[in-house]
Structure formats: C-alpha cells, structure tokens
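[1] sequence below, structure please.
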Amino acid sequence: QKELDNATIEELREKLAAKTQEALSNLRSRTAGHGNINILHSTASADADAIFAEKDQVISALNGELQSLNRRNEELSRTKERLEENLKMKEEEIKIKDEEIKKSEGRKPSQVLETLVLKLKNQLAEKDKKQQEMKSAIASLKQEMLDA
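    Numbering: from 1, shown residues only. Sure, this is the predicted structure:
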C-alpha cells in the first residue's frame with residue numbers, strides 16, 4: 001500500500017510539473033507578441049493572474065491529496081505495528097503452549113512402566129481368581145465335613 005501511495009504522489013508531482021510548464025508556455029506565447037516579457041499589458045496581466053490562481057488551486061488540491069495520502073500512510077503504519085505486536089504476542093503464547101506440551105509429554109509414563117503396570121494388574125487378577133477358587137474349595141470341604 002505504501003508503494004502505491006508513493007507512486008500516486010509521484011504521479012501527482014509529475015502532473016503538477018506538466019501543468020506548470022503548460023501554464024508558463026501559455027504565458028510566454030501570450031506575451032511574446034508584446035516585445036518585452038517584463039511589460040505586460042492589462043489583458044496579459046489578467047491572464048497571468050488567472051493562470052497563477054489556477055496554479056494555486058492545483059497546488060492546494062495536490063497538497064490536500066498529499067496530506068490525505070500521508071494520513072492514510074500513517075494509519076496503515078499504525079495498523080501494521082499493531083498487527084506485528086499481536087503477532088509477537090501470539091508467537092509467545094504458542095511458544096509457551098509448546099513448552100507446556102513438552103513438559104506434559106515428559107510426565108507421561110514410559111512404555112516400560114506401562115507394561116509393568118499391565119503385568120501387575122494381570123497378576124493381581126489371577127491371584128484374586130485363585131483366592132476365590134480356594135474360598136470355594138474351602139466352603140465345599142466345610143460343607144462335606146458337616147454333612148459327614
């Protein structure tokens with residue numbers, strides 16, 4: 001956008017220079033028949049005044065447009081700075097979250113530990129099953145002894 005604004009400013013400057021050259025050429029052609037360029041008679045003087053007034057208007061318009069473009073450029077610069085600041089904050093947040101993820105991954109039990117826990121659970125289940133079988137056998141023996 002800044003490049004576009006600079007190109008527009010340059011284009012406006014070129015137009016101003018061309019208009020100025022055109023006005024000077026017109027002034028010279030109007031005064032060429034009068035002999036001395038420094039001595040203008042009333043119509044040539046009025047024409048020169050009109051040309052200078054037109055030039056003042058063109059210059060004022062171009063200055064207004066230049067100021068407008070400068071304000072737009074400043075707004076865009078502020079927006080760019082704000083966006084860059086937001087981007088830096090988001091990058092910091094992402095960095096912090098990545099570190100938290102790495103820490104939490106480090107706290108996960110290792111594969112060996114998980115395998116050992118699974119084996120112990122299986123052994124405990126098998127022991128509980130044998131204990132139930134023993135209780136059943138004892139109960140059945142007790143019943144047989146009572147019945148005998």
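
[2] now do the contacts for the residue lying closest to residue 69 once chain neighbours are set aside.
    Once flanking residues are discounted, residue 69 sits nearest to residue 5: 4.9 Å by C-beta to C-beta, 6 or more residues apart in numbering. C-beta coordinates here come from the backbone N, C-alpha and C atoms, glycine included. Counting by C-beta atoms under 8 Å, 6 or more residues apart in numbering, residue 5 touches 69, 72, 73.

[3] which ones among these map onto strands?
    Among the contacts of residue 5, no member is found in strands (DSSP state E).

[4] find the centremost residue of this protein, please.
    Centroid-nearest residue in the chain: residue 83, 4.4 Å away (criterion: C-alpha atoms, centre = their mean).

[5] turn the contacts of residue 5 into a markdown table, columns for neighbour count, pLDDT and distance to residue 15.
    As requested, the contacts of residue 5 are exported to a markdown table (neighbours: other C-beta atoms under 10 Å; pLDDT from 0 to 100; distance: C-beta to C-beta, whole Å):
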| residue | neighbour count | pLDDT | distance to residue 15 |
| --- | --- | --- | --- |
| 69 | 17 | 85 | 14 |
| 72 | 13 | 87 | 19 |
| 73 | 16 | 87 | 20 |
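
[6] in helices, which of those fall?
    Mapping these onto helices (DSSP state H) picks out 69, 72, 73.

[7] out of the residues you listed, who's nearest residue 54?
    residue 69 (22.4 Å; C-beta to C-beta).

[8] isn't the closest one right up against residue 9?
    Yes: here residue 69 reaches residue 9: they are 6.0 Å apart, a contact under C-beta atoms under 8 Å.
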